[in-house]
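Asks: Got a sequence here, can you build the structure:
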Amino acid sequence: MNKLRKALLFLFLICLNGSVVLLAEEDLYLKYKTLVQQFPDNPVYHYNLGIILAERGNLSEAEKEVEKAAELEEKPEFYYSLGMIRKDLGKVDEAIVSFKKALSLKPDYVDVFLPLARLLHKKGKDDEALRYLESGLILAPDNVDMLMLDARISGEMGLFSRTINDLKHVVQIDPSNLEAHYFLYQVYFNLGNFDLALKEIFFVETLDPRNYKVYLEKGRVLQKMKRYSESRKALEKAIKLNPGCSICYSILAMDLYFLKDYAGALLNFKKSLQIHYDETVASNYSKLLSYISAVTLDMMNGSNLDKAEKYARLLVQVEPANPSYMVLLGMVLLNKGECEESIRILSEAVEKEYSKPEVVYYNQGICYFKLGKYNEAEKVYEKVVRKRPDFAEAWYNLGSTYEKEGKKEKAILAYLRFISLKPDSTLVPLVKHKISVLRGSLTHTSTSVDGQP
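Replies: This next block holds a predicted model:
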């Protein structure tokens with residue numbers, strides 16, 4: 001239609017004054033409207049009026065005029081234009097019929113194959129669409145638009161060899177065709193051919209070096225190839241170009257995890273979730289939190305306390321509202337002998353409504369005992385046994401605290417409670433000895449006994 005319009009309006013468009021052009025177009029419209037009225041059986045006049053109406057946006061009237069032209073004379077151009085108008089009107093089935101009629105009249109009508117195939121694809125008739133594209137490409141083997149549509153449909157159908165051949169042909173015709181190179185990268189990536197995928201994305205990078213998506217995809221394929229350091233650099237470039245790229249942070253987090261930079265992995269997972277929540281990313285983030293928690297406990301029990309503290313502080317940093325990580329940090333600090341800070345951190349965990357406050361109080365009690373603050377230790381241990389009367393270790397520690405304070409009767413009762421709860425404990429002989437000594441010293445000098453489990 002555009003070619004015809006240019007031909008029709010050629011004499012009128014030589015003037016560059018806008019108002020004159022508009023007037024000329026209106027004159028042309030009135031001219032053909034008059035001619036159609038005077039010569040109602042002239043198909044060319046109906047056709048030209050229909051094209052003018054289509055250009056003016058009056059598609060319904062344009063359809064009527066071109067349809068009338070086709071009724072008066074079956075010309076392939078009329079049916080092609082009718083198909084284009086009906087396509088624009090959303091009349092897909094009728095447009096397909098018009099395009100097929102045009103091809104029946106002129107089988108080598110190259111312009112028809114692409115719009116017809118597009119509509120057939122839209123209708124889900126992909127096999128038929130590919131047949132028409134195949135015919136069209138025999139006539140015009142270097143038609144990039146037909147090649148790209150053929151590649152897309154064949155790719156959706158799993159005909160990847162055909163897709164690859166189409167795309168290779170496109171880049172031979174136009175080596176700088178960004179869409180074809182990127183599409184070829186995606187096909188190779190999805191097929192697991194990461195070497196060829198990387199080659200294509202490197203080429204795309206030369207064509208579009210400021211597009212963050214290029215570096216995102218570069219990072220993805222390098223990660224699949226286990227080239228994590230290179231992937232990391234690509235993703236950092238993507239983030240620099242687009243700091244709001246959620247998926248960039250999550251993929252970078254995986255690189256950092258594989259590089260054993262757990263701190264970086266956690267921070268990038270969290271950044272990704274802050275930008276856009278995703279179930280998979282959230283799951284990976286949660287799993288990494290659990291893993292680091294377990295590693296921290298292992299390190300604490302294995303006396304690698306400095307690294308345990310580093311990870312515990314990281315957990316508190318990324319999840320400051322989670323009191324369980326505060327408790328973990330408090331326990332690490334306790335094991336390092338940093339009791340004052342441990343008490344403070346554990347108190348914050350209680351304020352944040354930690355689900356097991358007796359655990360917090362128990363560890364605070366150990367800290368207070370080590371600091372020689374026996375009155376404070378007594379208070380928190382009593383909180384523990386009130387909340388958890390079956391907490392045997394708390395009874396033992398409370399007995400030791402009472403003993404330090406000279407509260408011998410209370411110490412004996414606490415020790416007896418421990419024995420009743422854990423009669424098979426290896427500490428029982430020691431506890432019985434303590435009780436014996438305390439009973440013997442009720443009327444003698446108190447024996448000072450130290451130590452907590």
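Asks: Show me where the stretch 51-200 of the chain has its helices.
Replies: Along the stretch 51-200 of the chain, the stretches classed as helices by DSSP state H, counting those that start in this stretch are 59-72, 76-89, 92-105, 110-122, 126-139, 144-156, 160-173, 178-190, 194-207.
Asks: Show me how far stretch 36-49 is from its chain's centre.
Replies: Centroid separation between stretch 36-49 and its chain, computed with C-alpha atoms, centre = their mean, to the nearest Å, is 58 Å.
Asks: ditto for stretch 118-138
Replies: On C-alpha atoms, centre = their mean, the centre of stretch 118-138 falls 34 Å from the chain's centre.
Asks: Buried residues in that stretch, which are they?
Replies: Neighbour counts over stretch 118-138 (16 or more other C-beta atoms under 10 Å) mark 118-121, 126, 129-130, 132-133, 135-137 as buried. Heads up, the C-betas are built off the backbone N, CA and C, glycines and all.
Asks: circling back: go through the helices of the stretch 51-200 of the chain and pick out the most buried.
Replies: The highest mean neighbour count among those, using mean count of other C-beta atoms under 10 Å, belongs to helix 76-89: a mean of 22.
Asks: relative to helix 59-72, how tilted is that helix?
Replies: Relative orientation of helix 76-89 with respect to helix 59-72: 160 degrees, computed using axes from the mean of the first three to the mean of the last three C-alpha atoms, to 10 degrees.
Asks: Please name every helix or strand in contact with helix 76-89.
Replies: helix 43-55, helix 59-72, helix 92-105, helix 110-122 (3 or more C-beta pairs under 8 Å, 6 or more residues apart in numbering; DSSP states H and E).
Asks: pretty sure residue 147 is in contact with residue 172, am I right?
Replies: No - with contact defined as C-beta atoms under 8 Å, residue 147 does not count as touching residue 172 (10.2 Å).
Asks: ok, back up a step: now render the helices and strands packed on helix 76-89 as JSON lines, adding mean pLDDT and distance to residue 376.
Replies: Formatted as JSON lines, these follow (pLDDT from 0 to 100; distance: least, C-beta to C-beta, whole Å):
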{"stretch": "helix 43-55", "mean pLDDT": "95", "distance to residue 376": "89"}
{"stretch": "helix 59-72", "mean pLDDT": "97", "distance to residue 376": "86"}
{"stretch": "helix 92-105", "mean pLDDT": "98", "distance to residue 376": "81"}
{"stretch": "helix 110-122", "mean pLDDT": "98", "distance to residue 376": "76"}
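Asks: What residues does residue 299 make contact with?
Replies: 305, 307-308, 311 (C-beta atoms under 8 Å, 6 or more residues apart in numbering).
Asks: Going through these, which ones are buried?
Replies: For the contacts of residue 299, a burial check counting by 16+ other C-beta under 10 Å picks out 305, 308, 311.
Asks: out of those residues, which one sits closest to residue 287?
Replies: Closest approach between these and residue 287, by C-beta to C-beta: residue 311, at 15.1 Å.
Asks: helix or strand for that closest one, which one?
Replies: Taking DSSP states H and E as the criterion, residue 311 maps to helix 305-318.
Asks: mind listing what's buried in that helix?
Replies: 305, 308-309, 311-316, 318.
Asks: Would you mind pulling the contact partners of it?
Replies: Taking C-beta under 8 Å, 6+ apart as the rule, helix 305-318 contacts 262-263, 266-267, 270, 289, 292-293, 295-297, 299-300, 322, 325-326, 328-329, 332-333, 335-336.
Asks: Return the distance of that helix from the chain's centre.
Replies: Taking the mean of its C-alpha atoms, helix 305-318 sits 27 Å from the chain's own mean (C-alpha atoms, centre = their mean).
Asks: Mind putting the helices and strands packed on helix 76-89 into JSON lines with distance to residue 412?
Replies: Listed next are the helices and strands packed on helix 76-89 as JSON lines, based on distance: least, C-beta to C-beta, whole Å:
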{"stretch": "helix 43-55", "distance to residue 412": "104"}
{"stretch": "helix 59-72", "distance to residue 412": "100"}
{"stretch": "helix 92-105", "distance to residue 412": "93"}
{"stretch": "helix 110-122", "distance to residue 412": "88"}
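Asks: Tell me which residues touch residue 270, please.
Replies: 285, 318.
Asks: For it, what is the enclosing helix or strand?
Replies: Applying DSSP H and E as the criterion places residue 270 in helix 262-275.
Asks: Show the subsequent helix or strand relative to that helix.
Replies: Of the helices and strands lying after helix 262-275 in sequence (DSSP H and E), the nearest is helix 279-301.
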